[in-house]
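Engineer: coordinates for the following, if possible.
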Amino acid sequence: MALTIVGLGPGPIEQITPEARQALEGAAEVWVRGRRPAALASLLPSLRLHSLGRGRLGRGLAQESLARRLLARARGREVAYAVPGHPLEGEAVVAALLARSAKERHPRVVPGLSLSLAPGLATLPPQVQLVDALAPALDPSRPALVLNLPRDLSSLTDKLRQLYPSQHPAALLGPSGRKRPFALADLPRQAPRSAAYLYLPPAPAPTAAGAFAELDAIIARLRGPDGCPWDREQTHASLKPFLLEEAYEALEALDLGDAARLREELGDVLLQIMLHAQIAVEAGEFTIAQVIDGLTHKLIHRHPHVFGSERLDTAAAVSAHWDALKQEEKGDRGLLEGIPQALPALAYSQEVQGRAARAGFDWPDYQGILEKLAEEVGELRRAQSQREKVHELGDVLFALADAARGLGVDPEEALRLANRRFSRRFAHMEAACRRRRVSLGELSFDQQNALWDEAKAALNDR
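Structural biologist: Below is the predicted model:
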């Protein structure tokens, strides 16, 4: 079932919320009752509008009949039912819909202002977002009106405190539009009336300094005596797997080009950094401020062309100067010292080869790299013992990493993308077999290869 019940609010059609407009425009057909269909058609001419009966509806059987009709239309297509005011206030057909669909997937409800709130509309800012108290998914940068307030406001307060500071202004708004202001932290002590709404003005945009200070305080509390038992038990060693895991999840978000997921994953990486810093504070080792201060000084020192008088006009010149400064800081340490041993083997190979190349130990051209790769593949073909095979395969992989460096390609990324392509194609092959009622394992090699080519063509990811 794909049924959306849309509240149109008490005002003119032109004042419907952006959420209501989006729900109506996304429906294959829109059913309306008692809400001037001509006005809605004039506002949104692309809608496929249908009228759900005429005149005043009776009770009982008529409402059940209309509900059944709407649910039948919503099987296999996107259908919207638009009602005046708020869908959950005084709408008998909506009540019948919700009752009949209780054992099925529940219709989505896009809230609208109650008809009883019409006198107070003038006090609300434009573009106010309407959210339901049971699922307050809202954007704190926009004004919000929370509908369907429960008797006990404690749970709602906990959810809102994840988005707003405790002293954020709030107000209960009744049918007359009169507001009773208070701080959000005091919401549980309020007594909402039956027709009351909670109004929240936009939250000020957080500053980087303020957000960081709050995060630092939260991490300290999590590790404190009254904090989280799991967080208190963690050590530098126990957190190591999580740091690596979160970094890989951030890489996956980058590969997918998903900005929202990247924001979340970068937050998870930052959490690991903050936990390590807090553990160091407790051990008397260093503070997060010292971490930041050290990074700041390093960046300034290694960018004299930005913060000083030196002139470096190309990326290659900047890279060479950066390496020279790093070597100067290390003193007599070798070029290959300091490369993390925990790096994935391909990434480690490319880093080793890159440092050696910057010292002049490199092939004169890319053809030399390819010839070396072919030589190593030949030695792998001739390998006899298991020990020789391991040795020669390692040389082939090392030469492949060098080939990737010559092409300016990250071998880890190239392999991740190849893995993803293989997974997509293999899943496509399995789905094709299910549709054709055959087993992939029972197909011949040629038949499997034909399916593979079919998957490549269908996914267009050669």
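Engineer: and the strands in the protein?
Structural biologist: Along the chain, the segments classed as strands by DSSP state E run 3-7, 29-32, 49-51, 79-83, 108-110, 129-132, 144-147, 169-173, 179-183, 197-200.
Engineer: can you lay out those as JSON lines showing mean neighbour count and distance to residue 71?
Structural biologist: For the C-beta atoms, the positions are set from N, CA and C on the backbone; glycine is no exception. As requested, the strands of the chain are exported to JSON lines (neighbours: other Cβ atoms under 10 Å; distance: least, Cβ to Cβ, whole Å):
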{"stretch": "strand 3-7", "mean neighbour count": "25", "distance to residue 71": "7"}
{"stretch": "strand 29-32", "mean neighbour count": "22", "distance to residue 71": "11"}
{"stretch": "strand 49-51", "mean neighbour count": "14", "distance to residue 71": "14"}
{"stretch": "strand 79-83", "mean neighbour count": "26", "distance to residue 71": "9"}
{"stretch": "strand 108-110", "mean neighbour count": "20", "distance to residue 71": "14"}
{"stretch": "strand 129-132", "mean neighbour count": "18", "distance to residue 71": "21"}
{"stretch": "strand 144-147", "mean neighbour count": "24", "distance to residue 71": "24"}
{"stretch": "strand 169-173", "mean neighbour count": "19", "distance to residue 71": "34"}
{"stretch": "strand 179-183", "mean neighbour count": "13", "distance to residue 71": "39"}
{"stretch": "strand 197-200", "mean neighbour count": "24", "distance to residue 71": "30"}
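Engineer: what score does the closest residue to residue 17 other than its chain neighbours have for pLDDT?
Structural biologist: Counting by Cβ to Cβ, 6 or more residues apart in numbering, residue 17 lies nearest to residue 130, which is 5.6 Å off, once chain neighbours are set aside. Looking at residue 130, its pLDDT is 73.
Engineer: can you list the domains in this protein?
Structural biologist: Following automatic domain parsing, the chain resolves into domains at 3-112, 119-200, 208-301, 334-409, 412-459.
Engineer: since we're on residue 218, how many residues are nearby?
Structural biologist: When neighbours are counted by other Cβ atoms under 10 Å, residue 218 registers 13.
Engineer: quick one: low-confidence ranges for the stretch 1-150 of the chain?
Structural biologist: Judged by pLDDT under 70, the stretch 1-150 of the chain has its weakly predicted residues at 1, 10-12, 14-15, 33-37, 53-61, 88-90, 100-106, 113-126, 134-136.
Engineer: just the helices from it, written as ranges.
Structural biologist: Assigned by DSSP state H, counting those that start in this stretch, the helices in the stretch 1-150 of the chain fall at 18-25, 37-43, 61-73, 92-100.
Engineer: hmm, residue 336 and residue 352 touching each other?
Structural biologist: Yes: Residue 352 is within contact range of residue 336, at 5.9 Å (criterion: Cβ atoms under 8 Å).
Engineer: the more surrounded of the two?
Structural biologist: Comparing residue 352 with residue 336 by neighbour count (other Cβ under 10 Å), the higher total belongs to residue 352, at 18 against 11.
Engineer: residues in contact with that one?
Structural biologist: 336, 339 (Cβ atoms under 8 Å, 6 or more residues apart in numbering).
Engineer: switch to 6 Å and redo it
Structural biologist: residue 336 (Cβ atoms under 6 Å, 6 or more residues apart in numbering).
Engineer: can you start the count at 31 instead of 1 from here on
Structural biologist: Taking 31 as the first residue, the last one we looked at is residue 382.
Engineer: show the pLDDT at it.
Structural biologist: Looking at residue 382, its pLDDT is 84.
Engineer: again with the one 4 residues further on
Structural biologist: pLDDT, the model's per-residue confidence, is 82 for residue 386.
Engineer: please identify the residue most distant from the middle of this structure.
Structural biologist: residue 414 (50.0 Å; Cα atoms, centre = their mean).
Engineer: that one: what's it in contact with?
Structural biologist: Residue 414 makes no contacts at all, as judged by Cβ under 6 Å, 6+ apart.
Engineer: coming back round to it: adding distance to residue 334, write the strands of the chain out as JSON lines.
Structural biologist: Listed next are the strands of the chain as JSON lines, based on distance: least, Cβ to Cβ, whole Å:
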{"stretch": "strand 33-37", "distance to residue 334": "60"}
{"stretch": "strand 59-62", "distance to residue 334": "64"}
{"stretch": "strand 79-81", "distance to residue 334": "68"}
{"stretch": "strand 109-113", "distance to residue 334": "62"}
{"stretch": "strand 138-140", "distance to residue 334": "57"}
{"stretch": "strand 159-162", "distance to residue 334": "49"}
{"stretch": "strand 174-177", "distance to residue 334": "49"}
{"stretch": "strand 199-203", "distance to residue 334": "49"}
{"stretch": "strand 209-213", "distance to residue 334": "50"}
{"stretch": "strand 227-230", "distance to residue 334": "49"}
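Engineer: ok, which of those comes nearest residue 406?
Structural biologist: For residue 406, the closest of these is strand 138-140, at 58.9 Å, according to Cβ to Cβ.
Engineer: mind giving me the packing neighbours of the closest one?
Structural biologist: Using 3 or more Cβ pairs under 6 Å, 6 or more residues apart in numbering; DSSP states H and E, the elements in contact with strand 138-140 are strand 33-37, helix 48-55.
Engineer: rebuild the ones you listed as a markdown table, extending it with distance to residue 121.
Structural biologist: Formatted as a markdown table, the helices and strands packed on strand 138-140 follow (distance: least, Cβ to Cβ, whole Å):
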| stretch | distance to residue 121 |
| --- | --- |
| strand 33-37 | 8 |
| helix 48-55 | 15 |
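Engineer: residue 345 is nearest to which of those?
Structural biologist: Residue 345 sits nearest to helix 48-55 of all the helices and strands packed on strand 138-140, at 43.9 Å, using Cβ to Cβ.
Engineer: leaving aside the residues next to it on the chain, what's closest to the residue nearest the centre of the chain?
Structural biologist: With distances taken as Cα atoms, centre = their mean, the residue of the chain nearest its centroid is residue 291 (2.8 Å). Leaving aside its sequence neighbours, residue 291 sits nearest to residue 283 (Cβ to Cβ, 6+ apart; 4.2 Å).
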